[in-house]
Every structure is written in C-alpha cells, then in structure tokens.
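Novice: Next input, structure requested:
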Amino acid sequence: MFKGNSVLGISLLLSLLFVVIGVVFNDWLGQKASAFLDFAVTYFNWFYLLIGAIFVFICLYLMFSKYGNIRLGKDADKPAYSTFSWITMLFSAGMGVGLVFWGVAEPVGHYTTPPYGEGSTGEAASAAMQYTFFHWGLHPWALYGIVALGLAYFHFRKDFPSSMSSIFHPLLGDRINGPIGKTIDILSVFITSVGVASTFGLSALQITSGMNSQWGIPNTLTVQLSIIGLAFLLFIISSWSGINRGIKYLSNFNMLILTLLTLSVLVIGPTKQIFEMLITSTGSYLGSILPMSLRMEPFNSEANSWVGAWTVFYWAWWTTWAPFVGSFIARISKGRTIKEFISGVLLVPSLVSFVWFSVLGGSAIHFIHNLGNSALAENINADVNGALFAFLSNIPLGSVLSILALILIFSFFITSADSGTFVLGMLSSNGDLNPSNKIKITWGIIIAGSATVFLLAGGLDAVKTISIVVATPFSIILIFISWSILKAVRKEFKKEVTQTNTENPHDIA
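Specialist: Take a look at the predicted model:
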C-alpha cells in the first residue's frame, strides 16, 4: 500500500502522530492550539476576511466572464450525474452535520450576543439572521468552489492526476512532480483528515446530546466514543458500495429527511414570521455583504473579539474542509461548464442554507423574542450541542421531530465519513478516482482516532481551535490556487481565439 507512494506514507504518519500526541499530550495540545488561535485572531483577522472576500469575487468573475463556457472535461463530455443528485451530494459533503449542529445555536447565540448593539432586541434578532446567512452563504462555498474548480479543470480537461499539486502546473511546471508538489499534496491530505475528523467530533457531540434529551442516555465520553465506533462500522458498509451507490443514495436520503424536517417545522412553527425572516434577511445579507466581508473593529476590542470568535473562526474552519469538499465536488462535476458549476456550487446550497436557518433559527428567535420564552435562550446557550433538541422540545410533535433530527445527523455523519475517506484515498493515491477499500478503511481508522483526540482535548472548543491552527497554511495555498486557475483559463481562451482566427481569417476584420 505504501510502496512508491510517499504522499500516502508521510500523510498517514503525520495523521497518526497527531492522534498519538492528542491522546498522550491532550492538555498540551489544547493549550498550544488555544495560544495560536488567540495570536491568529488578534493579528491576522484582516487576512482571513480579505481572502474570503477575494475568493467570492473570483468565483463570481469566472461565472459571468468569457471563460464561463469552458467545460470541465472535453467539449463533448456531458455531466456524469443528474443535477439533483449532484446538488445533494455536494451539499451533504459540504455542509451536512455543521448545518444541523448550528441551525438553532448560532442564530440564538447572535441574538443574545450580537455583532453590534444591545442583545435580545429586535435589532439583535435582525443582525443574528443576517450574520448567520453571511457565515453560511457565498463565502464558504467560494472556498470549496475554488479548490473544486481547479481539480476538475486540470484533471478532466487537461488530463493531470486528480491531486492538489496538479493545480499548480501553470505556476510550477514539471516541479509539481518533485518535492514541492509532494509537500502540497501531503499538507492537503493532512488538513483534509483533520477537517473530516472535526465533523466526526461534532456529530458525536450532537448525537449524544440528542439521545440524552430524548431517552436519558448519559452524555459521557464513553457514549460519544461508542457513537464514533458505530458510525465507523456503518461507514465501512457504505464505503464498500462506492460513490455511485453508497454516497449517492445516502445524499439523496439526507436531502429527503432535511426537507421533511424543514417542512414540518415550517408548518407547525410560526409560518408567517419564517417567510418574513427569510425574505428580509436575504435582502439584508445581499445589501450588506461587502461591509460584512471586510468588517473589523480596530477601536472596539469587544466587537473585534466577536468577529474573531465567529467570522474568522468560520473562514478558517471552511478552509480545513476546502481540500475535502473541493476534491469531492470535483470528482462528481465532470462535464459541467464553469458557469454551470459555479452557479450550482455557490447559489443553490446557499439558498438551501438560508431556508434552513430561517425555519429553525428564525423560529427559535421568534419563541424567545416574540413569545418571551427566555428559558429557551438560556438552555440553548448553556448547551450548544443540544440546542436543536432544546428547540424541538418547545413545539408540537417535538419528540417525533427529534428522532427525525437524530436520523438526519447520523446519516450526515456516515455520508461525511464516506465522502471524506473517499477523498483522502483519492488524494493520497496519486489522484486515483477509485481508491481501494483498503486505503479508505485505513483512513477511516485514522479519522476515528483524530475525532477521539478532539473529544479528549475538550470537545467543541478543541474542534474550533485545532481546526484554525491546521488551516492556516492552506489559506495561503488557496491564494496560489486562484492565481493558477485564472492564468490557465486565460491562456486557454487566448489559444482558442487565436486558433479560430487562424481557421477563419475573414472573421478578424
């Protein structure tokens, strides 16, 4: 398995070393990660905000530019999956567990501790929804889209291996096959393993909280580790089925359950207020996207800390997911034009996220602000892991919907594990689009171990801090990925125009 594959060998050793350090020196790891987080948020918040805005601009530019008709594949290639299956798979991989985890917790958290102004007011409620849309809208999908676009373009159209180093050919040439290229691939694989492990950790925390609220099962580390073990076994079964069966079917199932849960709360909950919040929050988000993208508070330390704790954290967290989600989206996007690809990756998942947060988070704020249910806010802020279930317990059929939510979380859990290990196998096997089950299961073991590290090091806080530490180098790599993509498509377009003019000289006039 390791013979002749230095990327696989070294990245596995790095990931295993992370697991060992996390288990043996978990206090030390937590302290060092927290110190680095404080340093990054204090001195480099401007960097994260700036590059986040740049990636959105690049994606929109490519979508509406003359390069939009370039196909991710040969000119005669057609999409490998239906648009519905394509959207459900990229959405399940890209948001899944995080969307369910923060669906209630983030809007309510912003409402009680807003980005500006006084908490628990009408203004705070509006700001809470606006900033939740901001954190889950175009910016994360632009990060994913940049990586996915680069991988799909250079593999399906230019016939390079489906590895991160291939994207750098316009900048590095044949040096992508040397130490520089191998370093890029190793770093990408390691960051991906940490990003997938953070999903494992979040899922285990939320599932055990849900089981505790529904059936009184103790929310202990032992139970959380048992959930990870069970998910690992189920993932093996799904992984064996391959991408065209296991991941595809699970993704469609996820979207079905997500839709059912959303519609149920929409009908049972404050329907009128939900639609009002969706429309006005979307308008506020679109109208304020540029000021929010570049918002810093150099003369207000408290407000600046809020930006660091939420926006900067999210931009760094999305970066840890970018190699994983980007690689998976690239794998399923052959045959689509750049315009079609960016439209699907940027706009559709953002809209689905807006609906989800309006229904779940907007309903929770309605109960707290309009109906005076302050106890709900206290329960949600006291236990972020169980926020969704605290909210569902306040509406009719809450116990039934809580079971539905648990099924959704667990299904997203398995889908993320399946797609994550698939990507890890692909990236660590010289871009093999169908990595062996042996490699995928090996990565599954490593990810389960890394998720254990997160839980030992402090649960949600550890997920947040360690993710930012690991993501920092890849933030810089993303800048060069963008540069390389722009350079490649400009060169191709110029070449095609030259050939057309040569074949049809009368068109020059």
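
Novice: Tell me the pLDDT of residue 365.
Specialist: Note on residue 365: pLDDT of 96.

Novice: Does it touch residue 108 like I think?
Specialist: Yes. Under the criterion of C-beta atoms under 8 Å, residue 365 makes contact with residue 108 at 6.4 Å. To be clear about C-beta, it is placed using only N, CA and C from the backbone, and glycine gets the same treatment.

Novice: Now the common contact residues for the two.
Specialist: residue 128 (C-beta atoms under 8 Å, 6 or more residues apart in numbering).

Novice: State the phi and psi torsions of residue 71.
Specialist: Phi and psi for residue 71, reported as degrees, to the nearest 10, are phi -90, psi 140.

Novice: which ones are touching the closest residue to it other than its chain neighbours?
Specialist: Nearest residue to residue 71 in three dimensions, chain neighbours excluded: residue 337, at 5.2 Å (C-beta to C-beta, 6 or more residues apart in numbering). Contact analysis of residue 337 by C-beta under 8 Å, 6+ apart lists 68-72.

Novice: one more time with 7 Å
Specialist: Residues counted as contacts of residue 337 (C-beta atoms under 7 Å, 6 or more residues apart in numbering) are 68-71.

Novice: What part of the chain, helix or strand, is modelled with the least confidence?
Specialist: helix 26-43 (a mean of 74; mean pLDDT, DSSP states H and E).

Novice: Check which residues of the helix or strand just after it are buried.
Specialist: Moving toward the C-terminus from helix 26-43, the next helix or strand (DSSP states H and E) is helix 45-64. Neighbour-count burial for helix 45-64 flags 45, 47-49, 51-56, 58-59, 62-63 (criterion: 16 or more other C-beta atoms under 10 Å).

Novice: Among the residues you listed, name the least confidently predicted one.
Specialist: In terms of pLDDT, residue 45 ranks lowest among the buried residues of helix 45-64, with 84.

Novice: Check the contact between that one and residue 311; I expect there is one.
Specialist: No. If you go by C-beta atoms under 7 Å, residue 45 and residue 311 don't touch, sitting 8.1 Å apart.

Novice: Low-confidence ranges, this protein, go.
Specialist: Within the chain, the set of residues satisfying pLDDT under 70 comprises 1-4, 26, 29-30, 92-96, 238-248, 457-464, 466-468, 497, 499-509.

Novice: Strands of that one, start to end?
Specialist: Under the criterion DSSP state E, the chain carries no strands.

Novice: what's the burial count for the closest residue to residue 119 other than its chain neighbours?
Specialist: Nearest residue to residue 119, sequence neighbours excluded (C-beta to C-beta, 6+ apart): residue 112, at 4.9 Å. Neighbourhood size, residue 112 [other C-beta atoms under 10 Å]: 17.

Novice: which residues does residue 112 contact?
Specialist: Contacts of residue 112 by C-beta under 7 Å, 6+ apart are 119-120, 377, 381.

Novice: Give me the buried subset of the residues you listed.
Specialist: The neighbour-count test (16+ other C-beta under 10 Å) applied to the contacts of residue 112 identifies 119, 377, 381 as buried.

Novice: ok, those vs residue 21, which is closest?
Specialist: Of all the buried ones among the contacts of residue 112, the one sitting nearest residue 21 is residue 381; the distance, using C-beta to C-beta, is 32.1 Å.

Novice: Just to check, that closest one is in contact with residue 109?
Specialist: Yes. Under the criterion of C-beta under 7 Å, residue 381 makes contact with residue 109 at 6.4 Å.

Novice: show me the contacts for the nearest residue to residue 18 once chain neighbours are set aside.
Specialist: Closest residue to residue 18 apart from its sequence neighbours, by C-beta to C-beta, 6+ apart: residue 450 at 6.2 Å. Residues counted as contacts of residue 450 (C-beta under 7 Å, 6+ apart) are 15, 18-19, 193-194, 197.

Novice: and what of residue 225?
Specialist: So residue 225 contacts 452, 455 (C-beta under 7 Å, 6+ apart).

Novice: How many residues are close by residue 13?
Specialist: 13.

Novice: Quick one: the contacts of residue 112 as a markdown table, columns for distance to residue 456 too.
Specialist: Shown next, in a markdown table, are these (distance: C-beta to C-beta, whole Å):
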| residue | distance to residue 456 |
| --- | --- |
| 119 | 33 |
| 120 | 35 |
| 377 | 30 |
| 381 | 25 |
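
Novice: picking up where we left off before, in terms of distance to residue 399, which of the buried residues of helix 45-64 ranks first?
Specialist: Minimum distance to residue 399 across the buried residues of helix 45-64 is 39.7 Å, recorded for residue 52 (C-beta to C-beta).

Novice: residues making contact with stretch 44-53?
Specialist: Residues outside stretch 44-53 that contact it (C-beta under 7 Å, 6+ apart): 139, 293-294, 296, 307-308, 311-312, 315-316, 475, 478-479.

Novice: Filter those residues down to just the buried residues.
Specialist: 139, 293, 296, 307-308, 311-312, 315-316, 475, 478.

Novice: and of the residues you listed, the nearest to residue 168?
Specialist: residue 478 (11.8 Å).

Novice: That closest one reaches residue 146, doesn't it?
Specialist: Yes. With contact defined as C-beta under 7 Å, residue 478 and residue 146 form a contacting pair (6.2 Å).

Novice: residues bridging contact with the two, i.e. touching both?
Specialist: residue 55.

Novice: For the residue nearest to residue 18, give its distance to residue 116.
Specialist: Noted for residue 450: a distance of 37 Å to residue 116, by C-beta to C-beta, to the nearest Å.

Novice: swap in residue 205?
Specialist: Look at residue 205 and residue 116: by C-beta to C-beta, they are 29 Å apart.

Novice: Looking at these two, which one has more neighbours?
Specialist: Taking other C-beta under 10 Å, residue 205 and residue 116 do not tie; residue 205 has more neighbours (22 against 14).

Novice: Can I get the least confident helix or strand of the chain as PDB, trimmed to CA atoms?
Specialist: Extracted C-alpha coordinates of helix 26-43, given in PDB (Å, rounded to 0.1, in the frame of the first residue of the first chain):
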ATOM      1  CA  ASN A  26      -4.100  16.200  25.100                       C
ATOM      2  CA  ASP A  27      -3.700  19.100  27.700                       C
ATOM      3  CA  TRP A  28      -0.600  20.400  26.000                       C
ATOM      4  CA  LEU A  29      -2.200  20.200  22.500                       C
ATOM      5  CA  GLY A  30      -5.300  22.100  23.800                       C
ATOM      6  CA  GLN A  31      -3.100  24.800  25.400                       C
ATOM      7  CA  LYS A  32      -0.900  25.300  22.400                       C
ATOM      8  CA  ALA A  33      -3.800  25.400  20.000                       C
ATOM      9  CA  SER A  34      -5.600  28.000  22.100                       C
ATOM     10  CA  ALA A  35      -2.500  30.200  22.200                       C
ATOM     11  CA  PHE A  36      -2.100  30.000  18.400                       C
ATOM     12  CA  LEU A  37      -5.800  30.800  18.000                       C
ATOM     13  CA  ASP A  38      -5.500  33.900  20.100                       C
ATOM     14  CA  PHE A  39      -2.500  35.000  18.100                       C
ATOM     15  CA  ALA A  40      -4.200  34.400  14.700                       C
ATOM     16  CA  VAL A  41      -7.400  36.100  15.700                       C
ATOM     17  CA  THR A  42      -5.600  39.100  17.200                       C
ATOM     18  CA  TYR A  43      -3.000  39.800  14.400                       C
END
